[in-house]
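Colleague: generate a structure from the sequence data that follows.
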Amino acid sequence: MADIKIDDTVDITDVVCPVTFVKAKVALEELDDGQILAIKMNDGEPVQNVPRSVKEEGHQILKLEDNEDGTYTLIVRKVEE
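Modeller: Next up, the predicted model:
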């Protein structure tokens, strides 16, 4: 994790699908190509759906980290279409 420079973080633990991905997508859109976003999300549906949606948008998933408190952090590199 130390070798990954996080440019921005978005916490989507307070929202439910499909808003989880919408919030993540908006945060990604505000970044420049190649920048890295950390997305904090709850276990369960967001962990199933957000990484898949991020991939479908063409972005690169670097890491999915279990925070061991019922949340996960997804590390994503923005890839311009």
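Colleague: from now on I want contacts and neighbour counts done on CA atoms only, so please keep to that.
Modeller: Fine.
Colleague: so what's I36 up against?
Modeller: Neighbouring residues of I36 by CA atoms under 8 Å, 6 or more residues apart in numbering: K5, I6, D7, D8, I75, V76, R77, K78.
Colleague: take those residues and keep only those in strands.
Modeller: Per DSSP state E, strands hold the following members of the contacts of I36: D8, I75, V76, R77.
Colleague: report the buried members of the contacts of I36.
Modeller: With neighbours counted by 16 or more other CA atoms under 10 Å, the contacts of I36 contain buried members at I75, V76, R77, K78.
Colleague: which members of those residues are the farthest-apart pair?
Modeller: Across the buried ones among the contacts of I36, the longest distance by CA to CA is 9.9 Å; it joins I75 and K78.
Colleague: who touches both of these two?
Modeller: Joint contacts of I75 and K78 (CA under 8 Å, 6+ apart) are I36, L37.
Colleague: pLDDT and distance to V15 added to the contacts of I36, as JSON lines?
Modeller: Shown next, in JSON lines, are these (pLDDT from 0 to 100; distance: CA to CA, whole Å):
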{"residue": "K5", "pLDDT": "93", "distance to V15": "26"}
{"residue": "I6", "pLDDT": "96", "distance to V15": "22"}
{"residue": "D7", "pLDDT": "97", "distance to V15": "22"}
{"residue": "D8", "pLDDT": "97", "distance to V15": "18"}
{"residue": "I75", "pLDDT": "97", "distance to V15": "18"}
{"residue": "V76", "pLDDT": "98", "distance to V15": "19"}
{"residue": "R77", "pLDDT": "97", "distance to V15": "22"}
{"residue": "K78", "pLDDT": "98", "distance to V15": "22"}
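Colleague: ok, so of the ones in strands among the contacts of I36, who is nearest K63?
Modeller: Out of those, the member with the shortest distance to K63 (by CA to CA) is I75, at 5.1 Å.
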